[in-house]
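[1] What would the 3D arrangement of this be:
(one chain, ligands or ions: 2)
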Amino acid sequence: MAIQLYDSLTRSLQPLRPSQPDGVFRFYNCGPTVYAPAHIGNFRTFVVNDVLRRLLELEFGADKVKHVRNLTDVDDRTIGQTQKEKRPLAEITRKWTDKFHADCDALNCLRPHVEPTATGHIREQVDMIEVLMQKGNAYRAADGSVYFKIDSFPGYGALSRIKERELKITNAVADADHKDSVSDFALWKAYKPAEDGDVKWPGPRGASEGRPGWHIECSAMSKKHLGDTIDLHTGGVDLLFPHHENEIAQSECCNGTTFARHWYHSEHLLVDGTTMSKSKGNYYTLSDLLEKGYSPMAVRYALISGSPRMQLNFTLDSLHAAESALKKIETYAKKLISYGAITSAEFPDYFRSADIPTPWSILGIVGDMLRNDLGTALALGQLHKAINEFQFSKESNPPYRFQIELAELSRVMFMFGLRLNLDEAPKADIPAAVTALAEKRWAAKQAKDFAAADALRKELAAAGWSMLDRKDGYSLEPQKKA
Ligand code: AMP
Ligand code: ZN
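    Numbers count the residues shown, from 1 in each chain. Ligands and ions are numbered 1, 2, ... in the order given. Next comes the predicted model:
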């Protein structure tokens, strides 16, 4: 089954395929603005894109996918931060880029093949702006800034379906920005010493020195690294308008051809029912959650536990549920590994070891659900259903059955990007006194002395441990901070 993905432009499910003769699938994902830590809302978008990248690699081959994700290292927000901190732009963006990379690695996101920076592509942006000015799609304003004239592009609004009257196209000279129309957007912003500090570059011919507008950055970096027409462009839903609408206008007017053949937008992560955002301050970073004792894989699991095209409300309970779900998969994998007689080190790449016959596996449908519009929620549900139904008895399984299931499980884990912890948790660091309390509590529970068992649970909690009961035993875990 081919990968199908919802396309925001045609508003329909469309198959993904490369369009160029070299068979390389060209994929651009708008990257982070590096002025503060990325929050887990941002990481929902990046993790969803990472699942997509993994599916594309399996579909077309790892060397037939080119994934570009930029770093926005100059824009209003990054410059605002240099003013606040009174530190150089490069110092701030370096710091948050490093943090972003560390978080991406912890979340097991594959690095993009190219990670261009806006400040590293000023020449390319200036070149595009000059072409747009020559073609009559852009004009210099009185202060030396350059604006894109949106009524010069008849296709404007096709992606967001924004109506002309909503765009408020007027011929009135617009406000202090010196624009011809309020809806025109900046390609180049003239230098303002009080706001911009020392952030400035020589401008396009005829314009002042200054800095690029945010939208032109992605148009220029995409053109440089992927060419005039790309196969897929993605980002969070908030980027659909104006960012992506403006990218289309700039790129198509400059290059004279289709910019992106497919647009995909994933929905936001919410907290307490509103969008998690840096400006609202209502966010968790990955570090916040690791400090509370959660693992990066539990965070990744929670971020893909909803359908990517639906909003997802984040709670610590959902993270807790993700942790237990992950443990179930790990227990299943460990059992399968022992029945299939492979080592846990072999497991992650086991699906690549070619000559295992892979006829029908109960996990095949999980991949299909992912290929169908990134149905991560359904796919995880199906995975657990398969785990619950699998019969381990050697008699009821034909030879190779365990190897086939192992290969399929490792393939599915690669798709989800979930790294399993297949080594037993070290037991040594549980203090003896805690183990003794747990044993006492377990005995009380077996004897149905629930009052004593409850009291002992409280004692354990006071010592910082929680006891998880199963039918056949228990495990001990350090307590999570609230
Ligand atoms: P930014 O660093 O603000 O440029 O955003 C980086 C990416 O995160 C963009 O694709 C945004 O659309 C996306 N994003 C921002 N907020 C959220 C959120 N609450 N949930 C999911 N994605 C988000
Ligand atoms: Zn972008």
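
[2] buried sites along the lengthiest helix in the chain?
    In the chain, assigned by DSSP state H, the helix with the most residues is helix 316-340. Neighbour-count burial for helix 316-340, counted by 16 or more other Cβ atoms under 10 Å, picks out 318-319, 322-323, 325-326, 329-330, 332-334, 336-337, 339-340. C-beta: built from backbone N, CA, C; applies to glycine.

[3] Stretch 277-288 too?
    For stretch 277-288, by 16+ other Cβ under 10 Å, it's 277-278, 283-286.

[4] roughly how far is it from the heart of the chain?
    Put simply, stretch 277-288 sits 15 Å off its chain's centre (Cα atoms, centre = their mean, to the nearest Å).

[5] which residues are contacting it?
    Contacts with stretch 277-288, where a contact means Cβ atoms under 8 Å, 6 or more residues apart in numbering, come from 36-41, 43, 103, 106-107, 271-272, 274, 276, 296, 299, 314.

[6] rerun that using 10 Å as the cut-off
    By Cβ atoms under 10 Å, 6 or more residues apart in numbering, the surrounding residues in contact with stretch 277-288 are 33, 35-43, 77, 99-100, 102-104, 106-107, 238, 268-272, 274-276, 291-292, 294, 296, 299-300, 314, 316, 319.

[7] With only the CA atoms kept, save it in CSV.
    Taking C-alpha atoms only, stretch 277-288 is exported to CSV below (Å, rounded to 0.1, in the frame of the first residue of the first chain):
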residue,chain,number,x,y,z
SER,A,277,2.9,28.2,23.0
LYS,A,278,6.0,30.1,24.0
SER,A,279,4.2,33.4,24.0
LYS,A,280,1.5,32.1,26.3
GLY,A,281,4.1,30.5,28.6
ASN,A,282,1.9,27.5,29.1
TYR,A,283,4.3,24.9,27.9
TYR,A,284,6.4,21.9,28.9
THR,A,285,9.9,21.4,27.5
LEU,A,286,11.3,17.9,27.2
SER,A,287,13.7,18.7,30.1
ASP,A,288,10.7,19.6,32.3
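
[8] What is the longest helix of the chain packed up against?
    Packing partners of helix 316-340 (3 or more Cβ pairs under 10 Å, 6 or more residues apart in numbering; DSSP states H and E): helix 296-303, helix 376-389, helix 401-416.

[9] If you average the pLDDT over the longest one, what comes out?
    Just to be clear, that refers to helix 401-416. For helix 401-416, the mean pLDDT works out to 94.

[10] roughly how far is it from the heart of the chain?
    23 Å.

[11] swap in stretch 106-114?
    The answer for stretch 106-114 is 10 Å, by Cα atoms, centre = their mean.

[12] That stretch: which residues count as buried?
    Buried, per 16+ other Cβ under 10 Å, within stretch 106-114: 106-110, 112.

[13] Report the angle between the next helix or strand after the longest helix of the chain and helix 401-416.
    Sequence order places helix 364-371 as the next helix or strand after helix 316-340, per DSSP states H and E. Counting by axes from the mean of the first three to the mean of the last three Cα atoms, to 10 degrees, helix 364-371 lies at 10 degrees to helix 401-416.

[14] from the middle of its chain, how far away would helix 364-371 be?
    Here helix 364-371 is found 20 Å from its chain centre; the criterion is Cα atoms, centre = their mean.

[15] thinking again about what came up before, ok, and which of the helices and strands packed on helix 316-340 has the densest surroundings?
    Mean neighbours per residue, mean count of other Cβ atoms under 10 Å, is largest over the helices and strands packed on helix 316-340 for helix 296-303, with a mean of 24.

[16] Are there helices or strands packed against that one, and which ones?
    If you count contacts as 3+ Cβ pairs under 10 Å, 6+ apart, helix 296-303 packs onto helix 40-60, helix 89-106, helix 286-291, strand 312-314, helix 316-340, helix 376-389, helix 401-416.

[17] What segments of the stretch 1-150 of the chain are strands?
    Using DSSP state E, counting those that start in this stretch, the strands assigned to the stretch 1-150 of the chain run over residues 4-7, 12-15, 25-29, 65-69, 138-140, 146-148.

[18] which stretch among the ones you listed comes nearest Pro242?
    With Cβ to Cβ as the measure, strand 146-148 is the member of the strands of the stretch 1-150 of the chain nearest Pro242 (10.5 Å).
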